[in-house]
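> take a look and give me a structure for this.
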Amino acid sequence: MTLTTNILTAEVLVQQCIDGERAAYKALYDRYSKAMYNTAVRIVGKTADAEDVLQEAFTDAFMQIKSFEKKSTFGAWLKQIVVFKSISFLKKQRLVFSDLENTGKDFADEEELNEENIWFTVDIIKQKIQQLPDGYRTVLSLYLMEGYDHEEIAEILNVTHTTVRTQYIRAKQKLLQLIKNSIDYAE
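Residues are numbered from 1 along each chain as shown. Below is the predicted model of the structure:
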């Protein structure tokens, strides 16, 4: 007896969705929902909010599936929708980015940060990232976890490149301090 599995490519599933096959929608959701949920959580910070963002993103993606032009993979296209929905959600929650020009402070370049060799688990890092203010967490997540560069983040968030760089540096400093404090507290 031979066991065969019928694994359809995302491209085939997208075409089936366009053709109106309901099972294809579920298959795409099942295939991508966990990764997209993780992306949303990293940006919005709360699981309930990430679930809302995820549902909105999939609804929009499925409503616009005929406009998917295959210039990228379906997963990349969907991830872009999730990122934009997450940012939109945070903006509705009054996500605040402080502009470097308004602070009157100069900040050291990223390379000049005093980053001690602290060993810690991924779980501690994730926990501490969730404790960052929304603006810091968003920029840090988009840069480190989603792979966007500073210029792309500036465009997505509709802020200056300087603001993104400042938020990123401050986020790293704050994250390092949170981690150091938790290690000092544990000792």
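> and residue 35, how close does it get to residue 45?
To residue 45, residue 35 is 17 Å away according to CB to CB, to the nearest Å. For glycine as for every other residue, the C-beta is placed from the backbone atoms N, C-alpha and C.
> these two - which one has more neighbours?
Legend: neighbour count by other CB atoms under 10 Å for residue 35 and residue 45, higher for residue 45 (21 against 13).
> let me see the contact set for that one.
130, 134, 137 (CB atoms under 8 Å, 6 or more residues apart in numbering).
> tell me which residues touch the last one, please.
The contact partners of residue 137, by CB under 8 Å, 6+ apart, come to 42, 43, 45, 129, 130, 171.
> how close does it sit to residue 65?
Distance, residue 137 to residue 65, by CB to CB: 30 Å.
> after the helix or strand bottoming out on mean pLDDT in the chain comes which helix or strand?
In the chain, the helix or strand scored least confidently by mean pLDDT, DSSP states H and E is helix 100-103, which has a mean of 49. Moving toward the C-terminus from helix 100-103, the next helix or strand (DSSP states H and E) is helix 122-130.
> may I see the buried residues of that following helix?
Across helix 122-130, burial judged by 16 or more other CB atoms under 10 Å covers 128, 129.
> what distance separates that helix from the centre of its chain?
Averaging C-alpha positions (CA atoms, centre = their mean, to the nearest Å) puts helix 122-130 14 Å from its chain's average.
> and that helix, what does it pack against?
helix 134-140, helix 161-186 (3 or more CB pairs under 8 Å, 6 or more residues apart in numbering; DSSP states H and E).
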